[in-house]
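**Student:** No sequence on hand, only this structure:
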Ligand code: PEP
Ligand code: MN
């Protein structure tokens with residue numbers, strides 16, 4: 001349930017409500033807005049008598065049930081979009097953040113060339129997999145810690161922030177040491193042990209939508225991370241499985257405005273994995289801006305034909321530069337509409 005405190009509610013009153021919520025068997029999460037404080041009480045069921053008792057407590061304006069199955073990530077709990085800080089970069093503040101880089105970190109030259117190129121074109125975050133979730137066990141599995149070290153070196157040389165995938169619970173600590181944002185891949189969206197562990201991490205998480213996950217399942221997975229203590233979660237729509245085989249997946253563009261209706265978490269679009277086709281990345285990047293995404297993740301490789309993974313969907317640096325150039329008017333238009 002949600003307990004909306006009066007604008008002039010005291011700290012004592014807020015603490016008292018939190019105690020009552022605990023007595024009733026829920027966990028209180030205090031959300032401080034600019035005008036008032038809201039306390040979300042999450043747990044099994046929202047009992048009517050509990051709501052009635054809280055309604056009549058001092059300092060409480062109103063109390064009502066949360067109707068959605070996901071709670072803390074729901075718009076019902078927090079209307080304003082959550083802005084996620086990564087040092088000087090903010091994701092979810094109305095701007096448009098671009099993450100770019102190779103599918104896999106392959107080596108020093110490949111990564112530094114790519115990092116410098118995407119930074120020069122205006123990307124703010126470098127992507128690159130050091131642990132790769134490959135469909136076949138015989139495919140390249142990633143450089144592991146060596147890859148993480150290269151990402152850290154690329155950050156040092158370019159000033160880009162780093163996002164990279166964490167595959168399992170055992171890897172969380174090590175990946176969190178090197179990365180600025182931890183990525184949960186589509187294949188791990190419902191790895192609940194991993195999600196719970198990421199709740200304890202102090203760094204932002206980007207959760208990719210599962211291959212066949214519904215929006216409800218997607219948001220419930222995000223809820224796992226948030227309810228275990230980490231509110232800094234962004235979502236990534238990366239295409240879902242449909243009957244269509246002409247593209248690798250089907251980009252669910254409608255998911256973006258829908259997610260913006262349902263949740264306050266920022267939403268990123270990955271047109272590279274969504275389509276599997278380089279030529280489709282640029283038009284869909286424009287769609288990402290138009291449809292209200294908070295950012296973009298795209299794969300870039302200096303020589304896609306030589307890439308160890310996902311070459312056909314990787315942009316060449318000059319193609320990435322063109323995409324960034326063409327995106328700017330769309331970003332400006334959106335900015336003007338907001339002002
Ligand atoms: C990736 O971004 O490196 C990746 C493997 O994507 P996904 O989990 O969306 O397939
Ligand atoms: Mn890839």
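**Tutor:** Sure, I can see it. Predicted, not measured: the structure shown is a model, and the values here were computed from it. Ligands and ions are numbered 1, 2, ... in the order given.

**Student:** could you pull out the helices for the stretch 51-200 of the chain?
**Tutor:** Under the criterion DSSP state H, counting those that start in this stretch, helices of the stretch 51-200 of the chain are mapped to 108-120, 145-158, 172-178, 192-198.

**Student:** got these as JSON lines, with distance to residue 78, mean neighbour count and mean pLDDT columns?
**Tutor:** For every residue, glycine as well, the C-beta is placed using N, CA and C. Converted to JSON lines, these look like this (distance: least, Cβ to Cβ, whole Å; neighbours: other Cβ atoms under 10 Å; pLDDT from 0 to 100):
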{"stretch": "helix 108-120", "distance to residue 78": "32", "mean neighbour count": "19", "mean pLDDT": "98"}
{"stretch": "helix 145-158", "distance to residue 78": "31", "mean neighbour count": "18", "mean pLDDT": "98"}
{"stretch": "helix 172-178", "distance to residue 78": "25", "mean neighbour count": "16", "mean pLDDT": "98"}
{"stretch": "helix 192-198", "distance to residue 78": "20", "mean neighbour count": "20", "mean pLDDT": "98"}
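
**Student:** can I get the ones you listed in TSV with distance to ligand 2?
**Tutor:** TSV is the format used below for the helices of the stretch 51-200 of the chain (distance: least, Cβ to the ion, whole Å):
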stretch	distance to ligand 2
helix 108-120	13
helix 145-158	14
helix 172-178	17
helix 192-198	19
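
**Student:** Reformat the ones you listed into CSV and put distance to residue 234 next to each item.
**Tutor:** Conversion of these to CSV gives the following (distance: least, Cβ to Cβ, whole Å):
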stretch, distance to residue 234
helix 108-120, 19
helix 145-158, 19
helix 172-178, 16
helix 192-198, 12
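
**Student:** Quick one: those as TSV, columns for distance to ligand 1 too.
**Tutor:** Rendered in TSV, the data for these read as follows (distance: least, Cβ to the nearest ligand atom, whole Å):
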stretch	distance to ligand 1
helix 108-120	14
helix 145-158	12
helix 172-178	13
helix 192-198	13
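
**Student:** Looking at these, which is nearest to residue 243?
**Tutor:** Between residue 243 and these, the shortest separation by Cβ to Cβ is 28.9 Å, and it involves helix 192-198.

**Student:** packing partners for that closest one?
**Tutor:** For helix 192-198, the elements it packs on are helix 172-178, strand 181-184, helix 215-227, judged by 3 or more Cβ pairs under 8 Å, 6 or more residues apart in numbering; DSSP states H and E.

**Student:** hmm, the helix or strand following that helix in reach of ligand 2?
**Tutor:** Using DSSP states H and E, the helix or strand that follows helix 192-198 in sequence is strand 205-208. No - looking at strand 205-208 against ligand 2 by Cβ under 5 Å from the ion, there are no contacts, and the closest approach is 10.8 Å.

**Student:** Strand 205-208 pairs with which strands, parallel or anti?
**Tutor:** Sheet neighbours of strand 205-208, with direction, are listed as strand 181-184 (parallel), strand 233-237 (parallel) (DSSP bridges).

**Student:** Compare the helices of the stretch 51-200 of the chain and report which one is nearest to residue 9.
**Tutor:** For residue 9, the closest of those is helix 192-198, at 32.0 Å, according to Cβ to Cβ.

**Student:** So what's the gap between that closest one and the chain middle?
**Tutor:** Here helix 192-198 shows a centroid-to-chain-centroid distance of 15 Å under the convention Cα atoms, centre = their mean, to the nearest Å.

**Student:** Pick out the residue in this protein sitting closest to ligand 2.
**Tutor:** Using Cβ to the ion, the single residue of the chain nearest to ligand 2 is residue 103, 3.2 Å away.

**Student:** What is the neighbour count of that residue?
**Tutor:** Burial of residue 103 is recorded as 24 neighbouring residues (other Cβ atoms under 10 Å).

**Student:** Let me see the backbone angles for it.
**Tutor:** Note on residue 103: its backbone torsions stand at phi -60, psi -60 [degrees, to the nearest 10].

**Student:** how about it, what does it touch?
**Tutor:** 128, 129, 132, 272, 299, 301, 307, 308, 309, 310, 313, 314 (Cβ atoms under 8 Å, 6 or more residues apart in numbering).

**Student:** Now the third one. Nearest residue, chain neighbours left out?
**Tutor:** The reference is to residue 132. Beyond its immediate neighbours in the sequence, the residue positioned closest to residue 132 (Cβ to Cβ, 6 or more residues apart in numbering) is residue 142, lying 4.1 Å away.

**Student:** Looks like the one you found contacts residue 104 (just checking).
**Tutor:** Yes - with contact taken as Cβ atoms under 8 Å, residue 142 and residue 104 are classed as touching, separated by 5.9 Å.

**Student:** what's the overlap in contacts for those two?
**Tutor:** Counting by Cβ under 8 Å, 6+ apart, the shared contacts of residue 142 and residue 104 are 129, 130, 132.

**Student:** Would you mind trimming the residues you listed to those in range of ligand 2?
**Tutor:** Of the entries in the shared contacts of residue 142 and residue 104, not a single one is placed beside ligand 2 under the rule of Cβ under 5 Å from the ion.
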